[in-house]
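# Following is a predicted model, sequence given first.
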Amino acid sequence: IIGPTGSGKSTFVNLASGSSLRVGRGLESCTSEVQASSQFSVGEKQVVLIDTPGFGDTTLTDSDIWKIIAASFVSSYRAGMRFTGVIYTQRISDVKVSGSALQSFRMFQELCGEETYPNVLLVTGMWDTVTPEVGNARDRELATKDIFFKPVLEKGARMMRHNNTRESALEIIRNLVDKPPVALRIQREL
């Protein structure tokens, strides 16, 4: 699970897996290393979610975050671990998409590579903080503008909404567990 800091990655992992990874509650970023959830079942599949530090961290640079994620993913790949999907989280509550958020998404695209987009879910969260009208408008804008998610969606990724419940998290994961495993660009090139 990858995305900007404070976008709900650790909360998602905890809801889905029953893990108790540390979740930031204040203004500072919390996750500073790649961490795995407890193994859990989704249907008949055994799943482990990988939580990552967020881009736009309060103390680490995006370059530092990139290196941490890349090193972990390459190490996992060399150990024989394969991902069936990658989730990118985005706050629907953001009034504007900042330059750093756009940079985060570009880094995510580079990390994955176009050939993995059918195994990518772009997940918007924090729907309880906006009205349905505002959320739907932002969701539509993310999906239809070339500057945001449109190019990735056109190459096979899907958008989903996370409603901050365990069932919502599991429904998102169900859309990935039967996909064939993929090697991310970063795993193949390093």
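In hand now; what should we look at?
# got the residue ranges for the helices in this structure?
Counting by DSSP state H, one finds helices in the chain at the ranges 9-17, 62-78, 99-112, 132-144, 150-153, 166-174, 185-189.
# how about TSV for these, with mean pLDDT added?
Listed next are the helices of the chain as TSV, based on pLDDT from 0 to 100:
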stretch	mean pLDDT
helix 9-17	94
helix 62-78	90
helix 99-112	89
helix 132-144	97
helix 150-153	97
helix 166-174	97
helix 185-189	90
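# which one of those helices has the most crowded surroundings?
Counting by mean count of other Cβ atoms under 10 Å, helix 9-17 has the highest mean neighbour count of the helices of the chain, with a mean of 24. Backbone N, C-alpha and C define where each C-beta goes, glycine included.
# That helix to helix 166-174, inter-axis angle?
Interaxial angle, helix 9-17 versus helix 166-174 (axes from the mean of the first three to the mean of the last three Cα atoms, to 10 degrees): 90 degrees.
# i'd like the first residue to be 98 from this point on
Sure thing, new numbering starts at 98, so read that last one as helix 106-114.
# what separates residue 193 from residue 219, distance-wise?
Computed as Cβ to Cβ, to the nearest Å, the residue 193 to residue 219 distance reads 18 Å.
# Could you report the distance from the residue of the chain positioned farthest from its centre to residue 237?
Centroid-distance maximum for the chain: residue 230 at 24.1 Å, with Cα atoms, centre = their mean. Taking Cβ to Cβ as the measure, residue 230 and residue 237 are separated by 11 Å.
# ok, now residue 150?
Note on residue 150: its distance to residue 237, by Cβ to Cβ, is 30 Å.
# circling back to that earlier point, quick one: which of residue 193 and residue 219 has more around it?
The neighbour count for residue 193 versus residue 219, taken as other Cβ atoms under 10 Å, is higher for residue 219 (23 against 7).
# CA-only coordinates of stretch 161-175 in PDB, if you can.
Output in PDB follows, covering the C-alpha atoms of stretch 161-175 (Å, rounded to 0.1, in the frame of the first residue of the first chain):
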ATOM      1  CA  ASP A 161      14.500   8.700   1.200                       C
ATOM      2  CA  ILE A 162      11.000   7.200   1.100                       C
ATOM      3  CA  TRP A 163      11.600   6.000  -2.500                       C
ATOM      4  CA  LYS A 164      14.900   4.300  -1.400                       C
ATOM      5  CA  ILE A 165      13.200   2.700   1.600                       C
ATOM      6  CA  ILE A 166      10.300   1.300  -0.400                       C
ATOM      7  CA  ALA A 167      12.600   0.200  -3.300                       C
ATOM      8  CA  ALA A 168      15.000  -1.600  -1.100                       C
ATOM      9  CA  SER A 169      12.200  -3.500   0.700                       C
ATOM     10  CA  PHE A 170      10.400  -4.400  -2.500                       C
ATOM     11  CA  VAL A 171      13.600  -5.500  -4.300                       C
ATOM     12  CA  SER A 172      14.600  -7.600  -1.300                       C
ATOM     13  CA  SER A 173      11.100  -9.200  -1.200                       C
ATOM     14  CA  TYR A 174      11.300 -10.000  -4.900                       C
ATOM     15  CA  ARG A 175      14.800 -11.600  -4.500                       C
END
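# That's all I had, so thanks and see you.
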